[in-house]
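Novice: Provide a 3D model corresponding to the input given below.
(chains A, B and C, ligands or ions: 1)
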Amino acid sequence: MERVAIIGVGQTKYERNKKGETFADLVFEVVTKALDDAGIAIEDIDNVVTVSNDFWDGRTISSMAVTDACGSYGKSVSTVEGDGTFGALYGLMRLLSGSFRSTLVVSHCKGSEGSNHFITNAIFNPIYERIIGLDSISSSALQARRYTEKYGITEEQCALVSVKNHKNALNNPFAQIAMDISAEDVMNSRMLSEPIKLFDSSPISDGACAIILADERMAKRVATSPVWVKGIGHSADAYNLGDRDLAEPAALIRAAQKAYNMAGIKEPYKEIDVAEIYDAFTYQELLWSEGLGFCERGKGGKLIESGETTMGGKLPINPSGGVLSAHPVLVAGLARIAEITIQLREEGNGRQVDGAKTGLAHGINGACGQAHCVWVLEN
Amino acid sequence: MSKQKYPLLTISSEIEQPYNYSLGRYGGRLLKELKHNKKIVGIKCPKCGHVYVPPRQVCGKCFVKMDEFAEISNKGNLESFTVVYFSFLDPETGQKRPVPYGYGRIKLDGADSGFLHFLEESDLKKLKIGMRVEAVFDENRTGNFKDIKYFKITKERNPS
Amino acid sequence: MGQRVAIVGTGQTDHKSSRKDVNGVELIQEATARALEDAGLRRQDIDAVVIGNMDHFEGINYVDMWSIDGNGGLHKPVMKVTTGGTTGTTVAIAGYYHVASGLFDTVLAIGWEKNSESDTTAAIITCADPFWERPTFGGAVAGLAGAACEYMHRYGITERDAALIAVRDRKNALKNPYAHLRKEITVEDVLNSPMLAYPIKLLDMCPRSDGACAIVFASEDKTKCITDKPAWVHQVSSRHNFTFFTDVERAGRMPTLYEACMDIYKNEGIKNPLHELDVVEMYVPSSFAGLVWIDALGVCDEGGAARLVSDGVTEMDGELPINPSGGVISTNCIGATGLIRVAEAAMQISGKAGEHQIDGAELALATGFGGCQWSDVLLIGSSKPN
Ligand SMILES: [Zn+2]
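Specialist: Presented below is the predicted three-dimensional model:
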């Protein structure tokens, strides 16, 4: 693969109800920040990939609403509907084709404007599944139940993810929910959909994120600390929940293997210094850690207990506070890439993992992580 | 399995998807002016000077932030129009939109972009591109786009 | 940098106003199976899938995930792209970049829509700004009507001039077994059909169809093993400049299509598109747009399209045949519509267009049109690109 670097990132603060800003305002904020971060002007960008979803935005052709704000006037532009990691992947492809030298990727979402229940209920089969009332929370509860029962993962082990990530969030100025809580607090929090409780869940969030990808020539010319893309992989699992063993992250294993092969990574737990992964619910950080090969199958609970994924551990996971601390859908995966970029530039301040050289960012699509996208980055 | 023929079925569902769209700081200003002062405001690009209505933060062409609001006339030229005869479901109300109705793209005096609104007239024979039109405000304004009821044809001559 | 890309297989469903015999996933499967068959490939040979539609037409969220059984993407990389009316061409362009990037060698690109499953106009209305545009906006018909009204006024074009486009496309559709509307019409038929939104009448306007289309894109190495008549992708370009309908610059040629075409001609070294292009598959949603878009191809002076059409230049036997397939006015399964243009352009280049084949076509242009003037353009040719 030709060398491509991330040369700029920008994020909004993630909040529950950004009433003062339209989608376009959020996009303009992060695009401006990413350009400033890269030290370039909009004229230096030659193509744009926006990320949005018509259901979340309550608008057909949702990307139309941000055309002015993303700076794509007169440029080649396209739209990915899905997590921001997939949008970034399309941006990467466009650079690798040799047709462009710099891609701006921007994702936005205002979870507070629509209804999470209705929007995520629309993911499910309209004839057989919607009527049950499935949504992102209740379907994930099925997955949590299956995973924890199959491998003997405890409620407390899941709670430890919440404790760790919400504490990490205290050091992230963009995070929405930052707090120092105990495992008991998590276990005593309100039950949403058994076994998922309030503090096991990510919040409803508004926000945007932008990154700028550049080919090697441009990256070397403009960036003082470019972060290089070493490997990527994406893969999808079956749609019907009944067609999957929800305790097995088959698609993630494939996606990760592809990214690792490309990056030449053989032992991810040893070779990766920091990871930002899509923990929409506490159990997901454990399950995805297994899928990413950070530990053996079924050992996600042991991994969190070991303390090696906390700050100062062998492989800190979600120093930013992760998705549990802010969950603008579609944006969240792109924010994972932005956070790893910040880590590899050693600009993480309070959330910096010392000496991070190789990082991993991860995003998901669909119900219960039906599809995954894995990025391996290096400074 | 028998060779019995099964009918082709469809299942109807009315999906409700409620949203609270933010107007933002720019659009909110226009609604406020409509409601309280019966005025239309736009916004001027500091770089190219283009005056946009409705107001928004970014001039897409120049990619700069705009903050100079500009008062715009309630009168303008009819740049294009149509009269809609076919009936369809209005996603905002869940009811059929009443037809026929006329609407047009109006270039308000003082603005460079167009403005979409209803026309009082829906008789095709009486509508012509280039006509002068004027906003007619509702007496009971609620801070809504429909605080302007429609645009009516005026006797003025098109100055251009 | 990058690798060459060719179209090595295409597949279309039997497009109809309502395909109640299949659900959406099965409809998609029909197109993918036909594309694979055309390429002589199996699902296992596919490295990645890219798919698109417009969510609000069927009310399915995360369609790329929902359709996995039909789109061939199980345990494979799958991505969704969508840009409104242009979705089909956007899918094609994404399929091209998947392969051009060197990350994948054989990619399935799918566009589909089951327009019978919702109120098309209601779903389109929500593309407009919720405060400033939705109250008046009457969907694609009304939006195109306003633009048509202005174009007629500016260039002295008549409803009769526009009707010729519908007559041409519907006549061509008689030769395309996949076309949805296959009945010849006359100018009088168009002029006498019910007025939908002035000046657009029923027969000026595209229908709404259920249908899907799939295309197999392959790298140069794979292409060699698959076919000796590949349709090479020479150039792709997209433009979308505006958020609000009322910002769209209406003076002169349709700006985004013109820009995208000029981008392509410049990169390909095309000086005289009228002579150098052999065939165009154009996303013509209404007869009036069929004139405006011709101006934007840069093949005549502004406002000159009507003359070109009445002179027969765009007929099957003219200098630049447009829409031998019958175009969008004959078939419009919206998320597939742009992809069908690309598939039909590729079929012309590979000599697979059957009765509607333009003899000796070596260079074909496919265009996509979408909300607030989204424009995608692809240039497909028989010679290997530089
Ligand atoms: Zn400007």
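
Novice: Show me the strands in chain B, by range?
Specialist: B:40-44, B:51-52, B:58-59, B:64-65, B:68-72, B:75-84, B:101-108, B:115-119, B:132-137, B:148-153 (DSSP state E).

Novice: can you list those strands in a markdown table and add mean pLDDT and distance to A:His234?
Specialist: Where you see a C-beta, it was placed from the backbone N, CA and C, and this is true even at glycine. Listed next are those as a markdown table, based on pLDDT from 0 to 100; distance: least, C-beta to C-beta, whole Å:
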| stretch | mean pLDDT | distance to A:His234 |
| --- | --- | --- |
| strand B:40-44 | 97 | 41 |
| strand B:51-52 | 98 | 39 |
| strand B:58-59 | 97 | 32 |
| strand B:64-65 | 98 | 36 |
| strand B:68-72 | 96 | 45 |
| strand B:75-84 | 96 | 44 |
| strand B:101-108 | 96 | 43 |
| strand B:115-119 | 96 | 41 |
| strand B:132-137 | 98 | 51 |
| strand B:148-153 | 97 | 48 |
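
Novice: Compare those strands and report which one is nearest to the ion.
Specialist: When the strands of chain B are compared by C-beta to the ion, strand B:58-59 sits nearest the ion, at 3.2 Å.

Novice: who touches the closest one?
Specialist: Contacts to strand B:58-59, defined as C-beta atoms under 8 Å, 6 or more residues apart in numbering or on different chains, come from residues A:Ala24, A:Phe28, A:Asp68, A:Ala69, B:Cys45, B:Lys47, B:Cys48, B:His50, B:Tyr52, B:Val64, B:Lys65, B:Met66.

Novice: And C:Phe57, how far from chain A?
Specialist: Distance from C:Phe57 to chain A, counting by C-beta to the nearest C-beta, to the nearest Å: 8 Å.

Novice: give the contact list for that residue.
Specialist: Counting by C-beta under 8 Å, 6+ apart, C:Phe57 has contacts C:Glu113, C:Lys114, C:Asn115, C:Glu117, C:Ser118, C:Thr120, C:Ala123, C:Ile334, C:Gly335.

Novice: circling back: save the strands of chain B as JSON lines, and put in mean neighbour count too.
Specialist: Compiled in JSON lines, the strands of chain B are given as follows (neighbours: other C-beta atoms under 10 Å in any protein chain shown):
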{"stretch": "strand B:40-44", "mean neighbour count": "23"}
{"stretch": "strand B:51-52", "mean neighbour count": "23"}
{"stretch": "strand B:58-59", "mean neighbour count": "25"}
{"stretch": "strand B:64-65", "mean neighbour count": "16"}
{"stretch": "strand B:68-72", "mean neighbour count": "16"}
{"stretch": "strand B:75-84", "mean neighbour count": "24"}
{"stretch": "strand B:101-108", "mean neighbour count": "24"}
{"stretch": "strand B:115-119", "mean neighbour count": "23"}
{"stretch": "strand B:132-137", "mean neighbour count": "19"}
{"stretch": "strand B:148-153", "mean neighbour count": "19"}
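
Novice: now for those strands, which one comes closest to A:Tyr278?
Specialist: strand B:58-59 (30.3 Å; C-beta to C-beta).

Novice: Partner strands of that closest one and their direction?
Specialist: strand B:64-65 (antiparallel) (DSSP bridges).

Novice: Next up, the contacts around the nearest residue to C:Tyr178 once chain neighbours are set aside.
Specialist: Nearest residue to C:Tyr178 in three dimensions, chain neighbours excluded: C:Gln12, at 4.6 Å (C-beta to C-beta, 6 or more residues apart in numbering or on different chains). Counting by C-beta under 8 Å, 6+ apart, C:Gln12 makes contact with C:Ala31, C:Arg34, C:Tyr178, C:Gly211, C:Ala212, C:Cys213, C:Ala214, C:Ala336, C:Ile340, C:Ala343.

Novice: same thing but 10 Å
Specialist: C:30-31, C:34-35, C:38, C:176-179, C:211-215, C:325, C:331, C:333, C:336, C:339-340, C:343-344, C:347 (C-beta atoms under 10 Å, 6 or more residues apart in numbering or on different chains).

Novice: ok so, going back, would you convert the contacts of C:Phe57 into TSV that also reports pLDDT and secondary structure?
Specialist: Shown next, in TSV, are the contacts of C:Phe57 (pLDDT from 0 to 100; DSSP: H, G, I helix; E, B strand; the rest coil):
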residue	pLDDT	secondary structure
C:Glu113	97	strand
C:Lys114	97	strand
C:Asn115	95	helix
C:Glu117	92	helix
C:Ser118	91	coil
C:Thr120	92	helix
C:Ala123	92	helix
C:Ile334	97	helix
C:Gly335	97	helix
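
Novice: and these, which are buried?
Specialist: C:Glu113, C:Lys114, C:Asn115, C:Glu117, C:Ser118, C:Thr120, C:Ala123, C:Ile334, C:Gly335 (16 or more other C-beta atoms under 10 Å in any protein chain shown).

Novice: what ranges do the helices span in the stretch 201-350 of chain C?
Specialist: Ranges of helices within the stretch 201-350 of chain C are C:220-226, C:255-268, C:273-276, C:287-296, C:305-310, C:327-330, C:334-350, based on DSSP state H, counting those that start in this stretch.

Novice: List just the one of those that sits closest to A:Arg101.
Specialist: Closest approach to A:Arg101 among those (C-beta to C-beta): helix C:255-268, 14.9 Å.

Novice: what angle separates that closest one from helix C:287-296?
Specialist: 40 degrees (axes from the mean of the first three to the mean of the last three C-alpha atoms, to 10 degrees).

Novice: Give me the number of neighbouring residues for residue 142.
Specialist: Using chain A here. A count of nearby residues for A:Leu142, using other C-beta atoms under 10 Å in any protein chain shown, gives 16.

Novice: should've been chain C
Specialist: 25.

Novice: Distance from the helix or strand harbouring it to the middle of the chain?
Specialist: Assigned by DSSP states H and E, C:Ala142 belongs to helix C:139-155. Mean-position distance between helix C:139-155 and its chain equals 20 Å (C-alpha atoms, centre = their mean, to the nearest Å).

Novice: what mean pLDDT would you report for that helix?
Specialist: If you average the pLDDT over helix C:139-155, you get 95.

Novice: Next, name the residue at the spatial heart of chain C.
Specialist: Nearest to the geometric centre of chain C sits C:Gly338, at 2.4 Å (C-alpha atoms, centre = their mean).

Novice: For the closest residue to it other than its chain neighbours, list the residues it contacts.
Specialist: Distances taken as C-beta to C-beta, 6+ apart put C:Gly88 closest to C:Gly338, at 2.7 Å, once the chain neighbours are dropped. Listed by C-beta under 10 Å, 6+ apart, the contact set of C:Gly88 reads C:52-53, C:82, C:109-113, C:212-213, C:215, C:283, C:333-343, C:366, C:368, C:370, C:376.

Novice: 8 Å instead, please
Specialist: C:Gly52, C:Gly111, C:Cys213, C:Gly335, C:Ala336, C:Thr337, C:Gly338, C:Leu339, C:Ile340, C:Arg341, C:Val342, C:Gly368.

Novice: Would you confirm that it belongs to a helix?
Specialist: Yes. C:Gly88 forms part of a helix when assessed by DSSP: H, G, I helix; E, B strand; the rest coil.

Novice: can you tell me how far it sits from C:Ser375?
Specialist: 13 Å (C-beta to C-beta, to the nearest Å).

Novice: Overlap in contacts, the two.
Specialist: Common neighbours of C:Gly88 and C:Ser375 (C-beta under 8 Å, 6+ apart) are C:Gly368.

Novice: Relative to B:Pro98, how far out is B:Asp90?
Specialist: Distance from B:Asp90 to B:Pro98, by C-beta to C-beta: 9 Å.

Novice: Helices of chain A, start to end?
Specialist: In chain A, helices defined by DSSP state H lie at A:23-38, A:54-57, A:84-96, A:116-121, A:136-151, A:155-168, A:183-187, A:216-222, A:250-263, A:268-271, A:282-291, A:300-306, A:331-344, listed in chain order.
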